[in-house]
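> dropping the sequence and predicted coords here.
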Amino acid sequence: MLLPIFFFFSFLVSSSNALDFCVADLKAPQGPAGYSCKLPAAVTIDDFVFSGLGVAGNTSNLIKAAVTPAFDAQFPGVNGLGISMARLDLAMDGVVPMHTHPGASEILIVIQGSICAGFISSANKVYLKSLNKGDIMVFPRGLLHFQINAGKTQALAFVSFSSPSPGLQILDFALFANDLPSDIIEETTFLDDAQVKKLKGVLGGTG
């Protein structure tokens, strides 16, 4: 009887010592666990409000897409809470290339237009769906996934992540936008030299 009571009071004590929040101190360096906490006296209401998702992103780029993040670096109030959001704008023929978020799962809801979205499991099975206004799709943490504007108009979606800093690695950029030697890419992807050099030229890679 005494042991359950002990654990109950231990829980109450530990809970009472928990911080309500840990607003990111953007002036401090970011570590593997995120940003350190801003001093409570320096926290304001503005740390818990972000207005950037109401403005369309600039889709005048190679992929005709724009992602506006509301991660801890832009929205300090989400630091330590295990959540964040982003806005996705896709012009006609816009695409978010195959990519992964190492630190978070993702949920996407379509607000406008039609989006073809999918992911590939670790067993290399493809899960693919054409999404319309109001549809929601989840992308499990760390798996390769993509989004393509499948309609004839601008597409808009909002995305939620299970981390204040989900991370991002775009496959095409990882292969062709740096100085990874072309011969290594050719051996590991089975692409020929001309294809590799063309992609490096498009994405700004060398080597």
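Now that the structure is in, tell me what you want to look at.

> can you tell me which residue is spatially central in the chain?
By C-alpha atoms, centre = their mean, the chain has its centre lying nearest to residue 166, at 4.9 Å.

> what sits against it?
Neighbour list for residue 166: 71, 84, 101, 102, 103, 104, 106 [criterion: C-beta atoms under 8 Å, 6 or more residues apart in numbering]. Any C-beta I mention is one placed from the backbone N, CA and C, and that applies to glycine too.

> ok, now which ones touch the first one?
Right, the one you point to is residue 71. By C-beta under 8 Å, 6+ apart, residue 71 lies in contact with 78, 84, 86, 161, 164, 165, 166.

> again, but for the third one
Contacts for residue 101 were tallied using C-beta under 8 Å, 6+ apart; they are 139, 141, 142, 161, 163, 166, 167, 168.

> buried only: go through those for me.
139, 141, 161, 163, 166 (16 or more other C-beta atoms under 10 Å).

> just checking, the first one touches residue 106?
Yes - between residue 139 and residue 106 there is a contact at 4.3 Å, judged by C-beta atoms under 8 Å.

> can you show me the strands along this protein?
For the chain, applying DSSP state E gives strands covering 65-70, 84-90, 95-100, 106-112, 115-120, 126-131, 136-139, 145-149, 155-161, 169-170.
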